[in-house]
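**Q** Just the structure for this:
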Amino acid sequence: MFSRRTPGDDELSINRLAAAVERRRAAGDAIIDLTSSNPTEVGLDYPTDALAAALAAGAGEPYRPDPRGLLSARRAVAALFAARGARPAPEHIFLTASTSEAYGFLFKLLCEPGDAVLVPRPSYPLFEQLARLEGVEARAYRLGPSPDFALDPDRIEVELVLRTRAVILVSPNNPTGQSASAASLAELGSLCAARGVALISDEVFADYHGPGAGPPPPTALAAAAGPLRFVLGGLSKSCGLPHFKLGWIAAAGPPEALDPALARLEHIADAYLSASSPVMAALPRLLEVGAGIRAGIAARVADNRRRAAELLVGARRARLLPAAGGWTACIELDPGIDEEELAVALVERHGVLIHPGYFFDFDRGSHAIVSLLVDGDVLDRGLAALVALTESAAGPGPGPAPAPGQESGSSRRS
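**A** Sure thing, here's the model as predicted:
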């Protein structure tokens, strides 16, 4: 009865980790959640009066539907790219309800059912779902080896198939924090141009870079030449406003590819008109207010990365991996530790929730993934429990290694 683009009954069943969390919550026991990626739920200060005033002003604007989004909002997005060396024309920008919707628009634009897009591994486990909902195959390409997880165009080239229509890049990567260098971006752009595939660069974490807050990572939009390319961003990460539901696509490329792409993308967007008019009208002011929210998030993340490094410095079986950006920490575990057993044991014994590495498609080694958005004291307690359990003789032992290409995700492992 149901489309194969939706998950089957077996895929909808919860895994051991989710079941352990449900049991603990049903018993009324607290959870120390080190997986939260929602900045509105981790005790950060929000200027609610300023946000409300911006939205109130936007709500008073008349409804003027535009498939690309309000011009004033697109101009504000264009200005964001100036600090990163790109100056997209407002007519090359589309506003969407979210980055996820932006992916859906681009898959509709670029792919016939059965075509393929290349997605990084490890990375956030959403691409497979979004691609499947559009009837598109998500094929993985591996990033370089730990601890750097560098973008390696040679690893992408070997995964290109006849029906590949786009390569997806996430920079900074979620969760590894790796950022693509200008040189690797140029090499990847040349590869995509030569093979006639588009480049989709997800840069939602570009505002969170470095310890030391150095220059932001280069944007794929800034290249003087290259393939048809699309850069994604949004309020969810850039301003810590996921509930305001606004994302954007900025497009660039040779005119013979860009002009027809823009016309077709406008046709797709016109069928939805999903971006909120009050939020679009408020966007210039929201970006001003959001700069302060972003600074607060960046300070929290930097402090928590320092805390994590200090807590793990003496651990024998868990090591904090370096990161160039983002707001997630990757902890590499000794190969003898089964990451799923560890995650379940942490919930059952200590009430601490982490993500095992397979959730993010780590197909080699054993990892624990934690959010650096959480309150520092919460992070301290959770990581202390993780270290104690990994160091304990009674801690989780080795388990079967996942087979290459094994499916992963929070609801797809027993």
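
**Q** Next, give phi and psi for the spatially most central residue of the chain.
**A** Among the residues of the chain, the one closest to the centroid is Asn174, at 4.8 Å (C-alpha atoms, centre = their mean). Here is the backbone geometry of Asn174 (degrees, to the nearest 10): phi -110, psi 110.

**Q** distance between the ends of stretch 161-172?
**A** 26 Å (C-alpha to C-alpha, to the nearest Å).

**Q** Now do that stretch, average pLDDT.
**A** For stretch 161-172, the mean per-residue pLDDT is 97.

**Q** Strands of the protein, residue ranges please.
**A** 32-33, 93-96, 116-121, 137-142, 164-170, 198-202, 229-234, 247-252, 318-320, 328-333, 352-353, 355-356, 366-371 (DSSP state E).

**Q** Mean neighbour count for these - can I get that in TSV?
**A** Bear in mind the C-beta positions are built from the backbone N, C-alpha and C, glycine included. Output for those, formatted as TSV (neighbours: other C-beta atoms under 10 Å):
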stretch	mean neighbour count
strand 32-33	18
strand 93-96	24
strand 116-121	24
strand 137-142	19
strand 164-170	24
strand 198-202	25
strand 229-234	26
strand 247-252	25
strand 318-320	19
strand 328-333	24
strand 352-353	22
strand 355-356	24
strand 366-371	25
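
**Q** Reformat the ones you listed into a markdown table and put distance to Leu185 next to each item.
**A** Shown next, in a markdown table, are these (distance: least, C-beta to C-beta, whole Å):
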| stretch | distance to Leu185 |
| --- | --- |
| strand 32-33 | 35 |
| strand 93-96 | 20 |
| strand 116-121 | 14 |
| strand 137-142 | 15 |
| strand 164-170 | 8 |
| strand 198-202 | 8 |
| strand 229-234 | 10 |
| strand 247-252 | 12 |
| strand 318-320 | 27 |
| strand 328-333 | 22 |
| strand 352-353 | 35 |
| strand 355-356 | 28 |
| strand 366-371 | 26 |
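
**Q** How about the contacts made by the closest residue to Leu44 other than its chain neighbours?
**A** Spatial nearest neighbour of Leu44, chain neighbours left out: Gly296 (5.4 Å); criterion: C-beta to C-beta, 6 or more residues apart in numbering. For Gly296, the contact set (C-beta atoms under 8 Å, 6 or more residues apart in numbering) comprises 44-45, 240.

**Q** Can you measure across stretch 312-328, start residue to end residue?
**A** End-to-end distance of stretch 312-328 (C-alpha to C-alpha): 15 Å.

**Q** Check what pLDDT the residue nearest to Leu44 gets.
**A** We have a pLDDT of 96 for Gly296.

**Q** related to what we said a few turns ago, quick check: the residue nearest to the centre of the chain touching Thr328?
**A** Yes - using C-beta atoms under 8 Å, Asn174 and Thr328 qualify as a contacting pair, with a distance of 6.2 Å.

**Q** Enumerate every residue touching Pro90.
**A** Residues in contact with Pro90, defined by C-beta under 8 Å, 6+ apart, are 71, 74-75, 77-78.
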